[in-house]
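[1] Build me a structure from this.
(3 chains)
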Amino acid sequence: MSNPEFAIETRALTKRFGDVVANDSVCLKVRAGTVHGIVGENGAGKSTLLKMLFGFYQPDEGEVVVDRTAHTFADPSAAMKTGIGMVHQHFMLVEPFTVLDNIILGAEGSAKLEDARATARGALAALERQFGFNLPLDTVVEELPVGVKQRVEILKALYRGAEILVLDEPTAVLTPQESEQLFALVRQLRAEGKTVLFVTHKLHEIMAVTDDVTVMRAGKIVAERKTAETSTGELAELMVGAKVAREKTREAHGERVIRLSLKNVSANNDQGVRALKAVSLDVHDGEVLGVAGVAGNGQTELMEVITGLRQVAAGSVEFDNVVIASPDVATNPITLRRMGMAHVAEDRLKTGVVESFSAEDNAMLGYQREPDFSHRGILKLKALAETAKRYFESQDVRPRNPKLAISSFSGGNQQKLVIAREIARDPQLMIIGQPTRGVDIGAVTKIHDQITELRNAGKALLVVSADLDELLAISDRIAVMCEGELVGIVAVEDADEKTLGLMMAGEKRRAS
Amino acid sequence: MAAARKLPFWADNILLPALNLLAAFVVSGIVIWALGDNPFQALSLLVQGAFGYQEAIGYTLYYATNFIFTGLAVSIAYHAGLFNIGGEGQAMVGGVGLTLGVFAFGPHAPLLGVFAGIVGAALFGAIWAFIPAWLQARRGAHIVITTIMFNFIASALLAYLLVGPLHRPGGQMPESADFPAGTALIHIHDLLGMMGISYDNNPMNISFLIALLCAWGMGFLLWRTRFGYELRVVGKSAGAARFAGVSVSRMTIIAMMISGALAGLMGLNELLGEQHRLLANFTLGYGFVGIAVAFMGRNKPLGIILAAILFGALYQGGTEVAFDIPNFSRDAVVMVQGLVILFAGAMEHLFRDPISLLFWRFAERKAA
Amino acid sequence: MIDLYADTLLLVASTIRTATPLVLAGLAGLCAERAGVVDIGLEGKMLGAAFAAATAAAVTGSAWVGLGAGLATSLVLALLHAYVSITQRGNQIVSGMAINIVIAGLAPTLAGAWFHQGGQTPLLSGGARFTEINLPFAESLASVPVIGPLYSEVISGHNIITYMTVAIVPLVAWMLYRTRFGLRLRAVGENPEAVDTAGISVAKLRYQAMAIAGLLCGLSGVVLSTGLGAGFIRDMSAGKGYLALAAMIFGRWKPVPTLLACLLFGFVDALQGRLQGVALPLIGEIPVQFTIMLPYVLTVLILAGFAGRMVAPKASGIPYEKDH
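    The predicted model follows:
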């Protein structure tokens, strides 16, 4: 068979959800045997495009051309048959199954599992040799680290005969070192003649690993470039549609008042496993302490013990020199708020708001017992409506209708409302989790500026984020966590991606 | 995604329930037809039997009273994110509490006996709900299964009490002695009579008004009070509840106890209002039907009242049908209720999606 | 000593008998939940199958025709629940309860209309029942000490469905853990998206699982009215569907532990039968209403005592929707 120039091509692919056009006449061209990047901010339509490429959504108009043949994939298996393999951002793995069972699921061949497994072992051994994998086939997936799970997903796609691999935000959950290993694997795949579609919003990854890049904005392709002929600056402009210019105004530290102090704090996770191990740290007034780490290394539990959501097993947490949490002390979040602590929850939809409530009802979540909102147990609905209106105006939340369900607002607007609620009472200490997760770029800048403003106003802030760029931009010091331990704390002047990455992987470094 | 569009209030709250009801009636009609009877005759008998004359209306509202109580019970638990299938057992045990209260105080002061009966009914119902709630909150025992088990246990307990300690001396039936004279809730027709309005005798009594009061109270509690707000937060998101400083396990227990108390109050109508003695299995499945009432009523007080009247009519009308159509027994009424639960409670998307689509198309055409 | 041994054997034999419908229903619930559908309608399916089997057997005089009718009825109900839960994405608990209530009303209505015996079917006898099968040499070996009574009382003398159940347990386990279908079924209950993206239809798989659940539950209803009983009587399932569900949870959604949990329930049920009217030392005679409570109280205790350690299939009870 002759080698087509394009491994995959879409012709005027369009997908609508109600009134929203998620993909508008998208014409993507991916050269065979290359690594092709797709960048765009959240909501630019990348995920929708991928889901159509993989047959998970069906386009309203247009078609996908693979190997010179036009297709409209009815389901993922149709896409797989043409050699498209997808590695989803959220892994499509059955956690209690072994690696082997996960790989063969849906491509078993034989009706008897024993035979299916035996056949697969042979084929996988060859694949692993070709691409340099070494996966524990008989280990249960839930016991594996994230980076390995991702390799399972890639091997799963290769096992199904994928010629074109689609990686959706593959580095979101990886340490920088794991990301490097992934890039090496991607290059290996290209060397073996595979085509890789690499989707990300991190520009330096595009520069590091791709040959060509396509930029998406608001459901459309706005530019196509050869990677060698572009720059992160140009790509960023193309993504946002305007020049990105930000400068930080950072004022010098004032007095070093310790606002929050953790002393050898340990805590268990929901499964009763020690998830936080003897963590000690201080947060001062007028500083942002960033907390970095690969997801699931104790950051969540750290925030929870501070904000009164998790029992401390050992050690103590002091806020304003008062012990608020220790094995014998637990403080209700309501009391903590009254003491001047605010909490922007990292999982906004599960914790920070009640998804099915109106924006208005969410405007008092956590503060419902304050006299502004209730008197002798009776709600003050009029005062609530006025407060919500004020929040909407102060943060420019849109659409300007507090009666709408919070779920009908974009992530950025939800977060703006949450921040308005949390800063309304002028808290001295703010615990902020993933400040810009699922937030569009316009709002990101505003939220970052706001954090800096609060810091300059002398507040103490602890910010947990999975995004190193974000932490480097807003923090004064960065604490790094790995496997529940505090690996170290570095001043932002001494920190860069590489050192932080090593620390996230558990390499010890003396606190500075 | 068309289904995500909001329907107008009347379509959501009147048209859809009506279509679901119609579907349940059509299936019931087919069963009646298969048994060799005329479904249209049955329907006309049913409507006549439920609303055709003064006594019928009284009976309909009398049965509706039971359904309001059990519907509210299911609903308040549901708002707290809990599935209380134990209304039946809570009503039975509530009946025991009512009887104990009545016998403790009634012989000396009838009015006090009535009050003690009301308190006893609510208290015992709440206690019977407390145990599964506690087991769920502290031990993680699934409340759906434990409340079902507590129905069986309550039923056996009631049976024991009615042949044992509470048995009518010298009686043959599993029932208690008659309540002391005067410990009863006044009938509505008597009340009307006092006001000079004559109305045919029927079992409807002032527990209907108490039920309406409870419905209003639940609405006020849920949407106007801080407690209700916190209860609804717990029901929608355990994570957000903890964030807001609300104890999920504490709320689970309180919500279930209110639910159990409401289910327990059902005995007011049946025992204190009409039977004037405790009977085995006086709950007759009202607790289960409460699930359908709550769902059909969209878990809102007014909706629950309307749905309860509908089920009351079904019950009363069905009983009348059973007189004239021998194949259509009490059991058949249970079947019709089950079908209404199926269509109104579990299959609400059956008509919602097509109707939404229709509205959407219509709106598009209008815009174009 | 010999009396005690004989008594024990009788108790074990009756444990096996009473456990049979529980085991079948428990496995039915297991297949449904492992695939991600919560089936609280086991009770109704069991009752429906019991009624259909007794009716068909009474009319035709053949227990096997009854078996077919029972399986078909339960299958239809299972597919109805599947339609509501999978296609309509309705509330699975409400759907299950509704089916239970519909059948509780419909079965005696039909029985009343057809047989005029107050909501029952006529008493079944002879070929219309699955009677006890005496295995070869059961009688001649009965006199052999120790082993003889064990063979003749415990191993021999059950109906065919009980013997079928003995084979069905390993069969279900084999299906779940040794076949492609079982792998997919277990996967769809844990992570339906993984199954969907692997190119397998989530809905089809769940319908298939519900069909199996329907057949198994049907068999348990059949044994109620044509094996253990001799005809259909009102509410004859008496909460066994719910008990089976509890046993399945206690058995951690696994076939063999579920079997053991069902045997425990069967034992308690057999014991409560033996306790009726017997005066115990110290306590005296326990009122029959309290012995009836035993299985239900045990269920609550088990759920309360061990519930924390039980992890349900992750996706069970959650309708699958593509658009997140």
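[2] Using the three-state scheme, assign the residue nearest to residue A:220 when sequence neighbours are not counted.
    In this structure, residue A:220 finds its nearest non-sequential neighbour in residue A:24, 5.0 Å apart by CB to CB, 6 or more residues apart in numbering or on different chains. Any C-beta I mention is one placed from the backbone N, CA and C, and that applies to glycine too. Here residue A:24 is recorded as strand under DSSP: H, G, I helix; E, B strand; the rest coil.
[3] Who are the contact partners of residue A:24?
    By CB atoms under 8 Å, 6 or more residues apart in numbering or on different chains, the residues touching residue A:24 are A:14, A:45, A:218-220.
[4] Per-residue pLDDT of residue A:207, please?
    We have a pLDDT of 89 for residue A:207.
[5] out of the contacts of residue A:24, which are buried?
    A:14, A:45, A:219-220 (16 or more other CB atoms under 10 Å in any protein chain shown).
[6] Can you tell me which one of these sits lowest on pLDDT?
    Within those, pLDDT is lowest for residue A:45, at 83.
[7] thought it was touching residue A:216?
    Yes. The pair residue A:45 and residue A:216 qualifies as a contact (CB atoms under 8 Å) at a distance of 5.5 Å.
[8] residues shared between the contacts of these two?
    Joint contacts of residue A:45 and residue A:216 (CB under 8 Å, 6+ apart) are residue A:26.
[9] For chain B, which segments count as strands?
    Counting by DSSP state E, no segments of chain B form strands.
[10] Please apply the same query to the stretch 101-250 of chain A.
    A:164-168, A:195-200, A:212-217, A:220-226 (DSSP state E, counting those that start in this stretch).
[11] got the contact list for residue A:40?
    So residue A:40 contacts A:46, A:201, A:215-217, A:239 (CB under 8 Å, 6+ apart).
[12] Swap in 10 Å and give it another go.
    A:46-47, A:49, A:199-201, A:214-222, A:235, A:238-240, A:441 (CB atoms under 10 Å, 6 or more residues apart in numbering or on different chains).
[13] residues touching the residue sitting furthest away from the middle of chain A, list them.
    Most distant from the centre of chain A: residue A:376, at 41.7 Å, with distances by CA atoms, centre = their mean. Residue A:376 sits next to B:225-226 when contact means CB under 10 Å, 6+ apart.
[14] Likewise for the one 10 residues further on?
    Taking CB under 10 Å, 6+ apart as the criterion, residue A:386 is in contact with A:372, A:380, A:402.
[15] Am I right that it falls within a helix?
    Yes. Assessed with three-state DSSP, residue A:386 lies in a helix.
[16] sorry, back to before: filter the contacts of residue A:40 to the buried ones?
    Here the buried ones among the contacts of residue A:40, as counted with 16+ other CB under 10 Å, turn out to be A:46-47, A:49, A:199-201, A:214-217, A:219-221, A:235, A:238-240, A:441.
[17] Residue C:242 and residue B:148 touch, don't they?
    Yes. Counting by CB atoms under 10 Å, residue C:242 does reach residue B:148; the two are 5.0 Å apart.
[18] Which of these two has more residues huddled nearby?
    residue B:148 (29 against 26; other CB atoms under 10 Å in any protein chain shown).
[19] Quick check: pLDDT value at that one.
    For residue B:148, the model assigns a pLDDT of 87.
[20] Would you quantify the distance from it to chain A?
    Distance, residue B:148 to chain A, by CB to the nearest CB, to the nearest Å: 28 Å.
[21] residues touching that residue, list them.
    B:85-86, B:88-89, B:132, B:142, C:40, C:43, C:97, C:100, C:239, C:241-243, C:245-246, C:296, C:299-300.
[22] let's see 7 Å
    Going by CB atoms under 7 Å, 6 or more residues apart in numbering or on different chains, residue B:148 touches B:85-86, C:242.
[23] now those in CSV, with pLDDT?
    Below are these laid out as CSV (pLDDT from 0 to 100):
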residue, pLDDT
B:85, 89
B:86, 93
C:242, 88
